[in-house]
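1. structure for this input, please:
(chains A and B)
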There are 2 protein chains.
Amino acid sequence: MIRIGIAGYGNLGKGVEAAIRQNPDMELAAVLTRRGPEGIRIRTEGVPVYAMDRAAELKDAIDVMILCGGSATDLPKQTPALASIFNVVDSFDTHAKIPEHFADVDQAAKTAKKVAVISAGWDPGLFSLNRLYAGAILPEGKTYTFWGKGVSQGHSDAIRRIDGVKDARQYTIPVESALEAVRSGKNPDLTTRQKHTRECFVVAEDGADLARIEREIKTMPNYFDEYDTTVHFISEEELLRDHGGIPHGGFVISSGKTGWDRENTHVIEYRLKLDSNPEFTSSVLVACARAAYRMEQEGQSGCKTLFDIPPAYLSPKTGEELRAALL
Amino acid sequence: MIRIGIAGYGNLGKGVEAAIRQNPDMELAAVLTRRGPEGIRIRTEGVPVYAMDRAAELKDAIDVMILCGGSATDLPKQTPALASIFNVVDSFDTHAKIPEHFADVDQAAKTAKKVAVISAGWDPGLFSLNRLYAGAILPEGKTYTFWGKGVSQGHSDAIRRIDGVKDARQYTIPVESALEAVRSGKNPDLTTRQKHTRECFVVAEDGADLARIEREIKTMPNYFDEYDTTVHFISEEELLRDHGGIPHGGFVISSGKTGWDRENTHVIEYRLKLDSNPEFTSSVLVACARAAYRMEQEGQSGCKTLFDIPPAYLSPKTGEELRAALL
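-> Have a look, this model is predicted:
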């Protein structure tokens, strides 16, 4: 049994807890939290909850710690710190800061002779893998990534900060005609506006100026000004009833040419359609925990991403089983 | 530069030759053929062609030999034989015999301290990878593979063996309603007939009994009897004009549940749409040759499949470049 720890018990941590139940070679050993552990009730019976600063006491009780904090402030500190004690997995997703995070975590993990898998999930994660495989196989090609339809937490938060807004949910939606143009193998040049639209469901405070709110959303720099945005004002009840989920997904579509005269075109399309963004991410984290454990058992150490993990290490099946059943 | 050899100069070998030109870190060093080398004219200038039995003389001139023979009779002998001299890559695709082929090749490659990648291509190959990744991430799920629309060489050959048939081309076509049922996440049970249809374009000899030919096709055991099959009789000119290509592709669609009460459903879809089946397979073989070379340089040996290859090894980019650009 691989003994898993969870550091951070939000949506992602709860998803990891549920995913562990689906993997018979794993068990939940402990949950770490920055909030007071007495205030947290987890779902798995008989598993202790500790304050984050007691992590070192768990050194021998946990094989892999899965970090479920946020990329903005939690993970840049927590991942290197915990990688000096445990094998770890995180879902660090601030694309621009991945090289820096990698370097920090690599140093900590190498010193401790542990394996740390960072940026696991679906983007970064499975989408990245598909960009890599497609690019390696079709060097004269182009890869496009589309996100959605799905809830963007960052954009929803941005709307909530507008004066007069009580709550909001923002969906990112890929433009169907852009998907079709890419699928055709024509390698079109697409602007930001041509790739995605944004749809907002907003609960306004009583008496708020709806026209102003809509204008502030649609013109918000970086978040909305480069997109065609639709704003719907709805009641709080409607928001809870119709927009309570956290779906997401998207497409990675690559096309490239082969042949002596580049006469043949190939299209590779990878699509995710996820009912729950955090739970799917959690499931990727758990598979990566298995790989981290195996790589450390083999004597490897340092920071890894899905790019470095032999796919077989993610599966509980043996090489023989995989070749017989899936190859 | 990675020096590549090609063993077998049919469609696949020609595709490898073209793909090498698209990869600046590789060069074609030699072509081996079982036919008389004087009868073969390759496209790359200044590259020698040798008889297959002179392979051992090339030991120090070639880093990776890519085997482009057939799975029925060529590869079971050639891959172990050449793996005792070179790093090798093949596209062995007789699913049921993969364990046996793996064992033979593994022994030869380990003895010679070489790396041998077998069963590279898209199925087995990229489709297998997607079955593995999806199964590891969504353990409570189900994966479906659909092939087509594309030309099946085996089924085309089977029609050509019928008395009165001059030439034929058979397309395997996935049933759209079955794809939709799988995409919905309902995990339907589908019979062979419900998943694919078969469409045949047949050139009959003058005066042949068309009704008999059609009947023999539709009732042919294993090949057609379990499918809904359509037969079109066309002229030789039409066959050459409209059915000269070798397109193929297909879908791997997985769906699975997550959540404490399995309340959320996720769908992962991977699709290939290929103008040229052999050229795309060749491009996968060439990327695997890069991985084989690197793994051998690291001191690894033995038989591998795409399941065992860290994805980054397929790309000419460094780890830093991949993390910065694709993660």
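2. which ones are touching the residue of the stretch 51-200 of chain A found nearest chain B?
-> Here the stretch 51-200 of chain A gets closest to chain B at one residue, A:A136, 4.0 Å apart by C-beta to the nearest C-beta. Backbone N, C-alpha and C define where each C-beta goes, glycine included. Going by C-beta atoms under 8 Å, 6 or more residues apart in numbering or on different chains, A:A136 touches B:287, B:290, B:311, B:314-316.
3. can you rerun that using 10 Å?
-> By C-beta atoms under 10 Å, 6 or more residues apart in numbering or on different chains, the residues touching A:A136 are B:23, B:283-284, B:286-288, B:290-291, B:311-317, B:322, B:326.
4. mind checking which of these are buried?
-> B:23, B:283-284, B:286-288, B:290-291, B:311-315, B:317, B:322, B:326 (16 or more other C-beta atoms under 10 Å in any protein chain shown).
5. contacting residues around A:E226?
-> A:191-193, A:196, A:198.
6. tell me the spacing between the spatially most central residue of chain A and B:A287.
-> By C-alpha atoms, centre = their mean, chain A has its centre lying nearest to A:G121, at 3.8 Å. Plainly put, A:G121 is 25 Å away from B:A287 if you go by C-beta to C-beta, to the nearest Å.
7. and A:S254, by the same measure?
-> From A:S254 to B:A287 the distance is 13 Å (C-beta to C-beta).
8. for the stretch of helix or strand A:I66 belongs to, packing partners?
-> Element membership for A:I66 (DSSP states H and E) is strand A:64-67. Contact analysis of strand A:64-67 by 3 or more C-beta pairs under 10 Å, 6 or more residues apart in numbering or on different chains; DSSP states H and E lists strand A:2-7, helix A:11-21, strand A:26-33, helix A:74-83, strand A:87-89, strand A:115-117, helix A:277-297 as its packing neighbours.
9. dump these into CSV; add distance to A:M65 as well.
-> Output for these, formatted as CSV (distance: least, C-beta to C-beta, whole Å):
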stretch, distance to A:M65
strand A:2-7, 4
helix A:11-21, 11
strand A:26-33, 8
helix A:74-83, 5
strand A:87-89, 5
strand A:115-117, 10
helix A:277-297, 9
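10. could those go into TSV alongside distance to chain B?
-> TSV is the format used below for the helices and strands packed on strand A:64-67 (distance: least, C-beta to the nearest C-beta, whole Å):
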stretch	distance to chain B
strand A:2-7	14
helix A:11-21	5
strand A:26-33	10
helix A:74-83	15
strand A:87-89	13
strand A:115-117	12
helix A:277-297	4
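11. just the helices from chain A, written as ranges.
-> Ranges of helices in chain A, per DSSP state H, are A:11-21, A:74-83, A:98-112, A:126-137, A:153-160, A:176-183, A:192-195, A:210-218, A:236-242, A:277-297, A:319-325.
12. switch the ones you listed over to JSON lines; also include mean pLDDT.
-> JSON lines is the format used below for these (pLDDT from 0 to 100):
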{"stretch": "helix A:11-21", "mean pLDDT": "98"}
{"stretch": "helix A:74-83", "mean pLDDT": "98"}
{"stretch": "helix A:98-112", "mean pLDDT": "98"}
{"stretch": "helix A:126-137", "mean pLDDT": "98"}
{"stretch": "helix A:153-160", "mean pLDDT": "95"}
{"stretch": "helix A:176-183", "mean pLDDT": "97"}
{"stretch": "helix A:192-195", "mean pLDDT": "96"}
{"stretch": "helix A:210-218", "mean pLDDT": "98"}
{"stretch": "helix A:236-242", "mean pLDDT": "97"}
{"stretch": "helix A:277-297", "mean pLDDT": "98"}
{"stretch": "helix A:319-325", "mean pLDDT": "96"}
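13. just put those helices in a markdown table and tack on distance to B:R161.
-> Below are the helices of chain A laid out as a markdown table (distance: least, C-beta to C-beta, whole Å):
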| stretch | distance to B:R161 |
| --- | --- |
| helix A:11-21 | 51 |
| helix A:74-83 | 62 |
| helix A:98-112 | 56 |
| helix A:126-137 | 34 |
| helix A:153-160 | 60 |
| helix A:176-183 | 37 |
| helix A:192-195 | 50 |
| helix A:210-218 | 66 |
| helix A:236-242 | 60 |
| helix A:277-297 | 46 |
| helix A:319-325 | 31 |
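14. was I right to think A:V105 contacts A:A83?
-> Yes: look at A:V105 against A:A83 with C-beta atoms under 10 Å: they come within range, at 5.4 Å.
15. can you list residues touching both of these two?
-> Here A:V105 and A:A83 have A:90, A:114, A:116-118, A:302-303 as joint contacts, going by C-beta under 10 Å, 6+ apart.
16. which two of these have the greatest separation?
-> Using C-beta to C-beta, the shared contacts of A:V105 and A:A83 reach their maximum pairwise distance at A:D90 and A:G302, which is 14.4 Å.
17. of those two, which one has the most company?
-> Comparing A:D90 with A:G302 by other C-beta atoms under 10 Å in any protein chain shown, the one with more neighbours is A:D90, at 31 against 20.
18. now do the contacts for that one.
-> Contacts of A:D90 were listed using C-beta under 10 Å, 6+ apart, and they are A:7-8, A:12, A:65-69, A:71, A:74-76, A:78-79, A:82-83, A:101, A:105, A:116-121, A:285, A:288.
19. how about A:E216?
-> Counting by C-beta under 10 Å, 6+ apart, the residues that A:E216 touches are A:159, A:161-165, A:209, A:224, A:231.
20. change it to 8 Å
-> Per C-beta under 8 Å, 6+ apart, neighbours of A:E216: A:I162.
21. and the stretch 151-300 of chain A, which residues reach chain B?
-> Taking C-beta under 8 Å from any C-beta of the partner chain as the contact definition, the stretch 151-300 of chain A meets chain B at A:183, A:185, A:258-260, A:264-276, A:279-280, A:282-284, A:287, A:290.
22. and those residues, which are buried?
-> Buried members of these, scored by 16+ other C-beta under 10 Å, are A:183, A:185, A:258-259, A:264-276, A:279-280, A:282-284, A:287, A:290.
23. quick check: A:A30 touching A:G5?
-> Yes: using C-beta atoms under 8 Å, A:A30 is in contact with A:G5, at 4.9 Å.
24. compare the two (neighbour count), which wins?
-> More crowded of A:A30 and A:G5, by other C-beta under 10 Å: A:G5, with 27 against 21.
25. distance of A:E298 from chain B?
-> Going from A:E298 to chain B by C-beta to the nearest C-beta, to the nearest Å gives 12 Å.
26. just the pLDDT at that residue, thanks.
-> pLDDT for A:E298: 96.
27. show me what contacts it?
-> For A:E298, the contact set (C-beta under 8 Å, 6+ apart) is empty.
28. can you tell me which residues contact A:E320?
-> Applying C-beta under 8 Å, 6+ apart, the residues near A:E320 are B:P99.
29. repeat for A:E17
-> A:6, A:9, A:28, A:31, A:42-44, B:260.
30. so can I have TSV of the contacts of A:E226 showing distance to A:T143 and neighbour count?
-> Formatted as TSV, the contacts of A:E226 follow (distance: C-beta to C-beta, whole Å; neighbours: other C-beta atoms under 10 Å in any protein chain shown):
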residue	distance to A:T143	neighbour count
A:T191	17	8
A:T192	17	9
A:R193	20	13
A:H196	16	22
A:R198	23	22
